[in-house]
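A.B. asks: the following comprises the amino acid sequence and a computationally predicted model.
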Amino acid sequence: MEECLIDIVDLSKVYKLYNQPLDRVKEVVSISKRKYHKDFHAVDNISFNVKRGETVGIVGKNGSGKSTLLKMIAGVLAPTSGKIEVNGNVSALLELGAGFNGDLSGIENIYLNGTLLGYSKEYVDSSVDSILEFADIGDFVYQPVKTYSSGMFVRLAFAIAININPEILIVDEALSVGDMRFQQKCYRKIREVKKTGTVLFVSHDTGILASFCDRIIWMDEGKIFKEGRPDKILDEYQAFMSYDIKEMQAVTVYNSNEEQTPEVISALSGETRPQTFGNGDGNFETVRLINEESGKESSIVAGGDKVCIDFTIKMHKDVDMPIFGFTLKDALGNTVIVTNTHFEKVKLEPLKKNQIYRYQFKLEFPYLRNGKYSLDIALATGTYQAHEQIQWINDVLIIVVRDPRPYQEGRGYLVPPGIKFEEVQ
């Protein structure tokens, strides 16, 4: 049985909100015990656990309770009610500069943070060289941290958090401040922590969450709204953040998948029906992937194949400014390709009510490594900057990619064709 490092049961954090400061005094001296405040449930009776080796992403709009939850797990805030059981040493990168004394130098803050985290001076002495090497802020480490830029701040804070060998690492959006090279350095280090410990990750970057996380917890108004695998949660979360859509509806779209070998049938088994959202002014009736060479529909594709995404849509209202688009994603939900008629500079005529239209996106399929990929398709109206979704369908097609070249583990997702290597005299 996997070891549970974090166990949370019926956890709540309630703040008292007063209309004016004097109401606090009135409430204290009130003989009738009258309440002058309103209760605000920043975290409202939630329960979950995290096992060793698991990376959990936490998403939600601002004010949903993410940061409050992490602070309680880190021991910065005390819960109002419920239980938090943490089995392992915790290192938390929360608000930028939390735990730092601005008047002290960087090196002094390393020892201060080590003391706050419960480590001996001897342990910090043994770690300080690796912390300084990771932070890479040069002689600024001897200057007061109040003179640091936000990027230098996060470099030092993360270097301290990651180099004390935590069993539980908590990161709350702080890495968005650092430059790209430092972010990549941090993510490599986080992967090392994942091998032996647990990572709790708050970020609005769904690509990072899809790559790193085994599970996503979606918080809304202090409660856990949904929980599950990244590929099941992040699509709906993105729709919610973009269009205020919380619940998607299951939809049936025709695609016959004529070429279904045993390999494809196995790969597609267990797939749920695609989900959709939009205003319903039109709906996709068929979506198919067609190999142009054979002219047949297929679920199997290889890099370099000329294919077309063939679809029909029935309109229920007139649409003056249509935009069609599609997205290709890997098994984790990372976006591999995204395009639309706006990007491709295609001028579309208005769509008329009660008419059925057929279109095709034609492309040479990219050289991707073997695996399953999913296709989203969408129709919107308006401009790219300001539009309304008519229908967006997640995972309308599941595509099996077979690279005809010998497969090697560790290749990137996109493998360019025809790479040559030669010595230059």
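C.D. replies: It's in.

A.B. asks: quick one: the helices in this protein?
C.D. replies: 22-29, 66-74, 106-116, 121-135, 150-162, 180-196, 206-212, 230-243, 262-268 (DSSP state H).

A.B. asks: which secondary structure elements does the second one sit against?
C.D. replies: The one in question is helix 66-74. With contacts taken as 3 or more Cβ pairs under 8 Å, 6 or more residues apart in numbering; DSSP states H and E, helix 66-74 sits against strand 4-18, strand 37-51, strand 55-59, strand 81-86, strand 90-93, strand 168-172, strand 198-202. Just so you know, the C-beta spots here come from the backbone N, C-alpha and C atoms, and that holds for glycine as well.

A.B. asks: between these, which has the poorest average model confidence?
C.D. replies: Of all the helices and strands packed on helix 66-74, the minimum mean pLDDT falls on strand 90-93 (a mean of 84).

A.B. asks: neighbouring strands for it, and are they parallel or not?
C.D. replies: Sheet neighbours of strand 90-93, with direction, are listed as strand 168-172 (parallel) (DSSP bridges).

A.B. asks: and the helices of the chain: which comes nearest residue 344?
C.D. replies: helix 230-243 (20.9 Å; Cβ to Cβ).

A.B. asks: name the helices or strands packed onto that closest one?
C.D. replies: Using 3+ Cβ pairs under 8 Å, 6+ apart, the elements in contact with helix 230-243 are strand 55-59, helix 206-212, strand 215-220, strand 223-228, strand 275-277, strand 387-401.

A.B. asks: so which residues make contact with the shortest one?
C.D. replies: Residues outside strand 275-277 that contact it (Cβ atoms under 8 Å, 6 or more residues apart in numbering) are 235-236, 239, 243, 245, 248-251, 389, 391-395.

A.B. asks: how far does it sit from its chain's centre?
C.D. replies: 19 Å (Cα atoms, centre = their mean, to the nearest Å).

A.B. asks: again, but for the fourth one
C.D. replies: In this view, strand 223-228 has its centroid 14 Å away from the chain centroid, taken as Cα atoms, centre = their mean.

A.B. asks: also stretch 316-334?
C.D. replies: On Cα atoms, centre = their mean, the centre of stretch 316-334 falls 20 Å from that of its chain.

A.B. asks: can you pull the buried residues of that stretch?
C.D. replies: Residues 319, 322-330, 332-334 are the ones in stretch 316-334 that count as buried (16 or more other Cβ atoms under 10 Å).

A.B. asks: taking those, tell me the two that lie furthest apart.
C.D. replies: Among those, 319 and 332 lie farthest apart (Cβ to Cβ), at 33.3 Å.

A.B. asks: closest to residue 77 out of the contacts of strand 275-277?
C.D. replies: Once Cβ to Cβ is applied, the member of the contacts of strand 275-277 that ends up nearest residue 77 is residue 236, at 28.9 Å.

A.B. asks: need the contact list for the closest one.
C.D. replies: Residue 236 neighbours (Cβ under 8 Å, 6+ apart): 218, 226, 245, 246, 247, 248, 275.

A.B. asks: may I have the phi/psi pair for the third one?
C.D. replies: Recorded main-chain torsions at residue 245 are phi -110, psi 110, according to degrees, to the nearest 10.

A.B. asks: what's the burial count for residue 120?
C.D. replies: Neighbour count of residue 120, defined by other Cβ atoms under 10 Å: 10.

A.B. asks: circling back to that earlier point, of the contacts of residue 236, buried ones?
C.D. replies: Neighbour counting with 16+ other Cβ under 10 Å marks 218, 226, 245, 248, 275 as buried within the contacts of residue 236.

A.B. asks: in CSV, list those along with distance to residue 297 and pLDDT.
C.D. replies: Converted to CSV, those look like this (distance: Cβ to Cβ, whole Å; pLDDT from 0 to 100):
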residue, distance to residue 297, pLDDT
218, 35, 96
226, 34, 94
245, 30, 77
248, 26, 80
275, 22, 87
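
A.B. asks: quick one: find the helix or strand in this structure with the lowest mean pLDDT.
C.D. replies: helix 262-268 (a mean of 50; mean pLDDT, DSSP states H and E).

A.B. asks: so which of the helices of the chain is nearest residue 142?
C.D. replies: helix 106-116 (6.2 Å).

A.B. asks: okay, buried residues for the closest one please.
C.D. replies: Buried, per 16+ other Cβ under 10 Å, within helix 106-116: 106, 108, 109, 110, 111, 112, 113, 114.

A.B. asks: low-confidence regions, the chain specifically.
C.D. replies: 1, 95-98, 174, 176-178, 256-272, 404-413, 417-418, 421 (pLDDT under 70).

A.B. asks: center of it - which residue?
C.D. replies: The structure's the chain has its C-alpha centroid closest to residue 206; by Cα atoms, centre = their mean the separation is 2.5 Å.

A.B. asks: would you agree that residue is in contact with residue 233?
C.D. replies: No - applying Cβ atoms under 8 Å, one finds residue 206 not in contact with residue 233, separated by 9.6 Å.

A.B. asks: find residues that contact each of those two.
C.D. replies: Joint contacts of residue 206 and residue 233 (Cβ under 8 Å, 6+ apart) are residue 59.

A.B. asks: hmm, back to that, now the two most distant members of the contacts of residue 236.
C.D. replies: Farthest pair in those (Cβ to Cβ) is 218 and 275. Separation: 14.8 Å.

A.B. asks: closest one to residue 284 out of the buried residues of stretch 316-334, please.
C.D. replies: Nearest member of the buried residues of stretch 316-334 to residue 284, counting by Cβ to Cβ, is residue 324, at 9.9 Å.

A.B. asks: so who does the closest residue to that closest one other than its chain neighbours touch?
C.D. replies: Sequence neighbours aside, residue 341 is the residue nearest to residue 324 in space, at 5.0 Å (criterion: Cβ to Cβ, 6 or more residues apart in numbering). Counting by Cβ under 8 Å, 6+ apart, residue 341 touches 322, 323, 324, 325, 348.

A.B. asks: can we see that at 10 Å?
C.D. replies: 322, 323, 324, 325, 347, 348, 359, 361, 379, 380, 384 (Cβ atoms under 10 Å, 6 or more residues apart in numbering).
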